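>>> Predicted model follows, preceded by the sequence.
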Amino acid sequence: MDMSSSNSSMVMTMMVPWLHFTGGDNLLFETWRPSSKGAIVGACIGLVFFAILERWVDAMRGLAEKHWRDRHVA
């Protein structure tokens, strides 16, 4: 398989690694697309907030189910 160096370098410049620190990727929503370094930092803070919120909702669901189960048995 013979590839010229211009073709292989062109392919390499178009590929973006999974972990990169440039803007332009969609996060959770299509409209949430950070483009500056400050926006990327804000998006990281927002994602951490969503993760904590999701775990809190899951914990509250578990407590509510236990309460309902105990109330049903009693």
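Okay, I see it.
>>> and the longest helix for this protein?
helix 37-73 (DSSP state H).
>>> What are the buried residues along that helix?
Buried residues in helix 37-73, counting neighbours by 16 or more other Cβ atoms under 10 Å, are found at 40, 43. Where C-beta positions appear, they are placed from N, C-alpha and C, glycine not excepted.
>>> just how off-centre is it within its chain?
Centroid displacement of helix 37-73 relative to its chain, using Cα atoms, centre = their mean, to the nearest Å, is 15 Å.
>>> Now do the phi/psi pair for Leu27.
Reported as degrees, to the nearest 10, the phi and psi values for Leu27 are phi -110, psi 150.
>>> In contact with the residue nearest to it when sequence neighbours are not counted, which residues?
Spatially, and ignoring its direct neighbours in sequence, Leu27 is nearest to Ala43 (5.5 Å; Cβ to Cβ, 6 or more residues apart in numbering). Listed by Cβ atoms under 8 Å, 6 or more residues apart in numbering, the contact partners of Ala43 are 27, 32, 34.
>>> hmm, try it at 10 Å
23, 25, 27-28, 32-34 (Cβ atoms under 10 Å, 6 or more residues apart in numbering).
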